[in-house]
Every structure is written in C-alpha cells, then in structure tokens.
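Colleague: dropping the sequence and predicted coords here.
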Amino acid sequence: MINALRGMKDTLSPQSEVYQYIIETCTRIAQNYGFSLIETPILEETALFKRSVGESSDIVGKENVPITDKGGNDVCLRPEGTAGVVRAFIQQKFDKAGGTRRFFYHGPMFRYERPQKGRLRQFHQFGVESFGESDVREDATIILMLKAIFDALGIAYTLEINSLGCPACMPKYRTTLVDFLATREGLCEDCERRKLTNPIRVLDCKNEHCKTLLADAPLIVDHLCFTCKEDFGTLKTILDEFGVAYTINPKLVRGLDYYSKTAFEFVSADIGAQSAIAGGGRYDRLVEFLDGKPTPGIGFAMGIERLMDLVKMPQTSRNGYYIGALCNEALSVVFELVDTKRRESKVLTTYEAKSLKNHLKIADKNEAKFCVCIGEDELANNTIG
RNA sequence: GUGAGUGUAGCUCAGUCGGUUAGAGCAUCAGGUUGUGGUUCUGAGGGUCGUGGGUUCGAUCCCCAUCACUCACCCCA
C-alpha cells in the first residue's frame, strides 16, 4: 500500500468543508478591504527565497524541498507566499508604476520539517500583501482585517505586537544587544548559535537559565528612533480606539529577515505548541532587496490547518432529495427523475431496488430534506410516494 | 536534525503475569416489520495483533532492529 508522504495529508469531508469555509470567509473579507486574488507559481527559483527570507531562518537552508529541473535550474517548492507575490509585483513593473496594490492569495506551502501538531510539510496559508502604503494606518487596517476574519470564524485569539525598528534604529539596537549578550556567560547551545544568526531571538529562549540571564536585556521598544516610536504609538492608539486587545511583546521576532517596524502575531491557546495562527508585519525593504524600486509593503499569512480545529462552523440544515426505487421495474423511472431534479437541487440515489425502510435510512443518514420512493403503486398511478 | 511515547477489526480501544478458535462499543450489511426511517432486538461479515529477526516446546505479549504515527525541542503559519 502506498501512503501519502510524511507530513502531507489528504483533506476530505467534513474537514474539506471547513477548509472551504475558511477560504470563502477570508476571501469575502479581504475583498471588502480592497484586496484582489493573485495566483503565483508553487515552484520558484531557490534564489528568490534565499534573498527574501534570508539566512537566519531555517525555512530555506534546512527546510526547503530542493529540485533541479531539466534545464539545470535550482528551484524549490515555495516555503512561504510573500516572496512570490513580491516577485510578481516587480515582474509586472508595478513598482515603477507606483500607487497602491493589494493582493490576497491562498494555497499550499512546503517546509521539510519534522511534523508535529500544527506543523506539516505541506500546509496551506491564506495571506495578503499590500504595496505602496507606508502609513501606519495600513498596518492597523491589516490587523483590523485579521480581527474581522477571526471574529467571523468564531476563533478566540490573543494579539501580540512589536516594532522591529527601521534601518535607522535596528542596527544600533542590534549592536547594543550583541554587546550585552557578550557579557553573559552560560547561555544554552541554541542561544550561542542564535547570537550569530538572529540575536533578537535569544530573548525568546524558553530555557529557564537563559531567562534569568536575560532578565535585564535591552529591548528594541526602548531603542526605537523617533519615527518608529511615533508610528508604533499611533498603531497602539488606533487599536485602543477600535477595541482591539493586544499585548506588547518586545521579544516577538518575526521569523523572516525581511520584516521591519510593525510585527504582529495572533496566537491561540488551544492548539498545542505551534500556537501562532497568523503572523505578519511590515517589509519596507523587501521590494528593493529583490531588485525593485523601493516600495513599502506589509502583509500577513495565516496557517489554515491551525485554524481548522478552531473554527465554529455555521449550522447546516437538511437539504436536497433522496430518490430510490422499491422494485427493479422502477429503476429507470427513478434514474430519469434524478437526472431531471439535479438541474435544480442536490439529489442522491441508489441504483438498486431496496425496501422502504432501507431507503428512509439512507435518506436520513445523508441529511436529505425529502425522500422520494417509487414502487409498483407509483408506477401504476404515475405518482410519487 | 534531537528527544520521548504509541502501533490489536473501517473507527475508538480492551486483552494476554507467554498457552487451544484474539474481544467490546461504534460503523457496515441482513432480518424481527407484505409500503413509513431515526429507538430497540437478533444475526452476519470484517484481523498476516505495523514489518523483519531473536529467545522459547509455544510469542499479539519478552528482546533487538526497522518502518509508520503522535507529541515536544529547533524553526515557524
């Protein structure tokens, strides 16, 4: 027997209905906010992700699914959605055209990781990307949109926000932090490694000993430049005014290198260790990293599988017909009636004459609203029962 | 990549201190009911006890390996 690959799942009813419901809900709301669908290829040049996601994350170096195509190109299955959308944005020359562009997307992403609860090798994201708007109100709008989506889906969450600073303040802070870390002896192995790859992530270490060593570490929120500080303040004010509860998590680091300024994460307490249900932030430098004309951008991605256990589905009611034959002579009449009725409704049937009891059982189990049975009497009278 | 746990019917799980034909509930199918279901009763089908090797008179049970799944670390949605 051949099974699906590790970390890859088949999705079928009733889970597939939940999946569809999430996509439909997200799509409807994103369209209300002025976003339109973009479809980008699942396969991209590996270089695209190396340059955008960066080296500090594992998702390209360790977790990508590398492929060499017949032309000898180094390509891979996309590990995330933003890079492809930005590539398309630049390829369409929207960076040169100017103005704002807003896109949403959904589809499969691939990371070669060890699977666990809420983490798959093929998983699905719904995400949005907004280009050309540097105002922090866009950041707030995106967070409000996510709130609207989670409220519509009936999902409980907490929101964490942070500011990662900009080229004016982040490098300075980073130096301050690295200097601080150099004075601390006895950090865990992981932290020693993170000191080199992504020092800010050291702050988020779960190791108790590290936590005590880092209790008085310098935090980015205290080292923001004037503009970043002001924008972060505006964001907080808007969220307060619109009744969005949040906590400031100065240790929140978005995993990918391209983020700057606003970073946020929606977290669920009900789905295990992999608790981030949506994450995003601003990436004002990414378009120029990928050879485009400098264009501000902001977006988020949500993990659909992580939402599927949390969604409250609307109640469904019985619908459609079940039509069955009580005797072999009625089978052809039933077949014809089923075909006619299917032009307007959902119709289920069986190609086998059964007792009334059996038909009613099947109709009931399939949640049909009406059950029609045709037997000798109905054939004689030209009626239905 | 690292660590721990679990693999028995389609599903959820019992069980065997190593001993004849491995059980239950749910699900499926048939019947009790000659054309009114969902309740109930009766019966039936369905298992290489994950796979391979070892110990033993005898292994589903003990040992080793392997594979798969699960959870956690790392990382991240």
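Modeller: Structure received.
Colleague: shaky segments in the stretch 201-350 of chain A?
Modeller: Regions of the stretch 201-350 of chain A meeting the criterion pLDDT under 70 cover residues A:255-256.
Colleague: residue numbers of it in contact with RNA strand B?
Modeller: A:201, A:205-206, A:253-256, A:265, A:272-274, A:276-279, A:301-303, A:305-306, A:326 (CB under 7 Å from any atom of the strand). Where C-beta positions appear, they are placed from N, C-alpha and C, glycine not excepted.
Colleague: so which residue is smack in the middle of chain A?
Modeller: Centrality entry for chain A: nearest residue to the mean C-alpha point is A:Met302, 2.3 Å, by CA atoms, centre = their mean.
Colleague: other residues contacting whatever helix or strand that one lives in?
Modeller: Assigned by DSSP states H and E, A:Met302 belongs to strand A:297-303. The contact list for strand A:297-303 (CB atoms under 8 Å, 6 or more residues apart in numbering) reads A:26, A:80-82, A:85-86, A:118, A:123-133, A:138-139, A:142, A:146, A:149, A:262, A:264, A:266, A:276-284, A:286-287.
Colleague: hmm, try it at 7 Å
Modeller: Residues outside strand A:297-303 that contact it (CB atoms under 7 Å, 6 or more residues apart in numbering) are A:80-82, A:86, A:123, A:125-131, A:138-139, A:142, A:146, A:262, A:277-284, A:286-287.
Colleague: quick one: distance of that strand to the chain centre.
Modeller: 8 Å (CA atoms, centre = their mean, to the nearest Å).
Colleague: can you show me the CA trace of that strand as PDB?
Modeller: Extracted C-alpha coordinates of strand A:297-303, given in PDB (Å, rounded to 0.1, in the frame of the first residue of the first chain):
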ATOM      1  CA  GLY A 297       4.900  46.700   1.900                       C
ATOM      2  CA  ILE A 298       3.000  45.000   4.700                       C
ATOM      3  CA  GLY A 299       1.200  41.700   4.900                       C
ATOM      4  CA  PHE A 300       0.300  38.600   6.900                       C
ATOM      5  CA  ALA A 301      -0.100  34.900   6.500                       C
ATOM      6  CA  MET A 302      -2.300  32.600   8.400                       C
ATOM      7  CA  GLY A 303      -2.000  28.800   8.700                       C
END
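Colleague: show me where the stretch 51-200 of chain A has strands.
Modeller: Using DSSP state E, counting those that start in this stretch, the strands found in the stretch 51-200 of chain A span residues A:66-68, A:74-77, A:101-110, A:122-131, A:158-163.
Colleague: can you list the domains in chain A?
Modeller: Per the record, chain A has its domains at A:15-169+A:224-307, A:321-381, by automatic domain parsing.
Colleague: so for A:Leu5, which of those sits nearest?
Modeller: domain A:15-169+A:224-307 (7.0 Å; CB to CB).
Colleague: and A:Lys354, what element?
Modeller: Going by DSSP H and E, A:Lys354 is not part of any helix or strand.
Colleague: what's the answer for A:Glu352, then?
Modeller: Using DSSP H and E, A:Glu352 sits within no helix or strand.
Colleague: dihedrals phi and psi, it?
Modeller: Note on A:Glu352: backbone dihedrals following degrees, to the nearest 10 are phi -150, psi 130.
Colleague: and stretch A:348-365, end to end?
Modeller: Across stretch A:348-365, the terminal residues are separated by 11 Å (CA to CA, to the nearest Å).
Colleague: so which bits of it are buried?
Modeller: Within stretch A:348-365, the residues scored as buried using 16 or more other CB atoms under 10 Å are A:348-349, A:353-354, A:359-360, A:362-363.
Colleague: keep only those of the residues you listed that are in helices.
Modeller: Those of the buried residues of stretch A:348-365 mapping onto helices are A:359-360, A:362-363, per DSSP state H.
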